[in-house]
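Visitor: how would this look folded up:
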Amino acid sequence: MLTIRKAQDRGHADHGWLQSFHSFSFAGYYDPAHMGFGNLRVINEDRIAPGTGFGTHGHRDMEIISYVLSGELAHKDSMGNVKGIPPGDVQRMSAGSGVMHSEFNHAVGQTTHFLQIWIEPNVRGIAPSYEQKSFPASDKRGALRLVASPDGAEGSVTIHADAALYAGLFDGAEAATRSLDPARKTYVHLVRGALTVNGQALSGGDALLVEKETTLSLSGGRDAEVLVFDLAA
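Guide: As a prediction, this is how the structure comes out:
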């Protein structure tokens, strides 16, 4: 079963300094038909204006992934981490029993464009932790590169959730096929460009919700960057 979620159907919040598109219900955007998918709870596509950002705020019992597309995200948290997250890096923060953090764009004249992703954990109350790794474009070119997994396989960041995240770049003749467990769910989020997934044409910001399928096929990319989530049902 394949269901397309179009980019223009997402929730949108205009805070002036922040433009945010919500794939699932979040903050002031509520849609009971889109509360999450499997254990994937949040995908927010955020653009932060120069010199602004999210002040210190708290999280608990959530696996939070930041995927930067352009600009750089400055991160500071109560665990003592002070980091810059450039494009190509994946940051994982396990909020666990509780963590405070802030995120800012300190670049002059440059918008920071990133995805904030929340996945429901399979353990609660653990000590909060942080991890950040770089994944070069060459690893993602014409392929699905594992970037987050429960066991840190293939050099991915480790998440405390029954989920895996893959990232890929596709253009022209580049294509990839992946076998799926039909008992699980797959969520395909096209970050930008255009891509055909299981015969469905997607444009930047679109998503494909995949259920009870055995194969995932990606082809026909035009400057496409895509995230693929393997999720608990």
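Visitor: any idea how far residue 13 is from the residue positioned nearest the centre of the chain?
Guide: Taking Cα atoms, centre = their mean, the centroid of the chain lies closest to residue 117, which sits 4.4 Å from it. The gap separating residue 117 from residue 13 is 17 Å, by Cβ to Cβ, to the nearest Å. No exception for glycine: its C-beta is placed from N, CA and C like everyone else's.
Visitor: Check residue 137 too.
Guide: Separation of residue 137 from residue 13 (Cβ to Cβ) stands at 30 Å.
Visitor: More neighbours: which of those two?
Guide: The neighbour comparison of residue 137 against residue 13 (other Cβ atoms under 10 Å) goes to residue 13, with 15 against 12.
Visitor: neighbours of residue 73, just the number please.
Guide: There are 27 residues near residue 73, going by other Cβ under 10 Å.
Visitor: give the contact list for it.
Guide: Counting by Cβ atoms under 8 Å, 6 or more residues apart in numbering, residue 73 touches 48, 66, 84, 85, 91, 103, 104, 105, 112, 114.
Visitor: Emit the ChimeraX select command for whichever of those residues are buried.
Guide: Buried members of those, defined by 16 or more other Cβ atoms under 10 Å, are picked up in ChimeraX with:
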select :48,66,85,91,103,104,105,112,114
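Visitor: Which of the contacts of residue 73 scores worst on pLDDT?
Guide: Least confident of these in the model: residue 104, at 85.
Visitor: and the closest residue in space to it that isn't next to it in sequence, how far is that from residue 233?
Guide: Of all residues not flanking residue 104 in the chain, residue 53 sits nearest, at 3.1 Å (Cβ to Cβ, 6 or more residues apart in numbering). With distances taken as Cβ to Cβ, residue 53 is found 36 Å from residue 233.
Visitor: cool, and residue 67?
Guide: 24 Å.
Visitor: Neighbour count: those two, which is higher?
Guide: residue 67 (26 against 13).
Visitor: if we look at the sheet, which residues does that one bridge to?
Guide: Beta-bridge pairing of residue 67 under DSSP bridges involves residue 90, residue 115.
Visitor: So it is in contact with residue 229, correct?
Guide: No - using Cβ atoms under 8 Å, residue 67 makes no contact with residue 229, being 11.7 Å away.
Visitor: Quick check: neighbours shared by the two?
Guide: Overlap of the contact sets of residue 67 and residue 229 (by Cβ under 8 Å, 6+ apart) is empty.
Visitor: Tell me which other helices or strands the helix or strand hosting residue 69 touches.
Guide: Applying DSSP states H and E as the criterion places residue 69 in strand 63-70. Contacting strand 63-70 under the criterion 3 or more Cβ pairs under 8 Å, 6 or more residues apart in numbering; DSSP states H and E are the following elements: strand 89-94, strand 112-119, strand 163-170, strand 185-197.
Visitor: Now do the same contact list for the closest residue to the residue nearest to the centre of the chain other than its chain neighbours.
Guide: Spatial nearest neighbour of residue 117, excluding adjacent residues (Cβ to Cβ, 6+ apart): residue 65 at 4.2 Å. Counting by Cβ under 8 Å, 6+ apart, residue 65 makes contact with 90-93, 115-119, 148, 157, 159, 165.
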